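J.: Test case, fold it:
(one chain, ligands or ions: 1)
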Amino acid sequence: MNLMPRIAVYPGSFDPPTLGHLSVLERGLHLFDRVIVAVARNSEKKSLFTTQERMEMLRESLAGLDPRQVEVDSFDGLLVDYARSRKATALLRGLRATADFEYEFQMAMVNRHMEGGLQSVFLMTEYQWLYISSSIVREIASYGADVRAMVPAPVADRLEKKFAGRP
Ligand code: PNS
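T.: Below is the predicted model:
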């Protein structure tokens with residue numbers, strides 16, 4: 001019997017986390033014993049939120065989930081190196097429409113080339129999140145529009161604060 005826990009890393013920029021991300025994570029938890037949500041630190045330069053803020057938003061948004069099953073962390077450098085250091089055997093990613101496919105396919109191939117034992121697992125988004133992305137959320141929120149139907153409440157609060165008083 002194999003008693004090794006099945007650990008997946010769910011990597012991303014999460015700038016900010018959306019309800020689409022949460023949906024992928026929740027469904028991933030049915031497949032894995034533990035999912036590590038890993039915020040890419042090297043995406044900080046061009047991001048709206050700092051790594052710390054993105055991790056806080058994720059922790060606040062995931063407060064209802066079992067902490068033995070979900071962890072929020074950040075990583076620098078190559079994803080495959082981080083996954084190996086965390087003893088993960090899978091990378092979890094969400095797929096929306098065809099637009100995501102080429103990028104995800106390339107990333108999965110490169111990661112497999114570097115670390116053959118690491119499986120990329122893709123979960124299709126639920127249809128209501130098909131059109132949502134972090135960049136769309138940032139764009140809409142920057143004009144002061146309501147994004148509460150697209151992001152967890154703690155994220156909506158932070159976006160409001162971030163853009164408050166900006167022209
Ligand atoms: O949410 P994003 O921006 O689509 O996430 C992309 C991310 C962070 C998963 C990807 O850029 C990544 O894995 N970066 C770490 C560097 C790396 O390993 N690059 C090689 C794979 S393309």
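
J.: From here on, just use CA atoms for contacts and neighbour counts.
T.: Fine.

J.: how much space between residue 11 and the ligand?
T.: 5 Å (C-alpha to the nearest ligand atom, to the nearest Å).

J.: actually residue 96, not the one I typed
T.: Remark: distance between residue 96 and the ligand (C-alpha to the nearest ligand atom) = 12 Å.

J.: residue contacts, that residue?
T.: 124-125, 129-131 (C-alpha atoms under 8 Å, 6 or more residues apart in numbering).

J.: try it again with 7 Å
T.: 124-125, 130 (C-alpha atoms under 7 Å, 6 or more residues apart in numbering).

J.: Report the secondary structure state of residue 37.
T.: Assigned by DSSP: H, G, I helix; E, B strand; the rest coil, the conformation of residue 37 is strand.

J.: and residue 8, how many neighbours?
T.: When counting by other C-alpha atoms under 10 Å, one arrives at 29 neighbours for residue 8.

J.: Same question for residue 139.
T.: Here the count is done by other C-alpha under 10 Å, and residue 139 has 12 residues near it.

J.: ditto for the one 3 residues further on
T.: Residue 142 has 17 neighbouring residues, counting by other C-alpha under 10 Å.

J.: Over to the one 3 residues further on?
T.: Counted with other C-alpha under 10 Å, the neighbours of residue 145 add up to 11.

J.: did I read that right, it in a helix?
T.: No: counting by three-state DSSP, residue 145 is not part of a helix but coil.

J.: Dihedrals phi and psi, residue 73?
T.: phi -140, psi 180 (degrees, to the nearest 10).

J.: whoops, residue 28 was the one
T.: phi -60, psi -30.

J.: ok, so what distance separates it from residue 21?
T.: Per C-alpha to C-alpha, to the nearest Å, residue 28 is found 10 Å from residue 21.

J.: Those two: who's more crowded?
T.: For residue 28 versus residue 21, neighbours defined as other C-alpha under 10 Å are more numerous around residue 21 (24 against 21).

J.: And residue 70, its phi and psi?
T.: Torsion angles, degrees, to the nearest 10, at residue 70: phi -130, psi 140.
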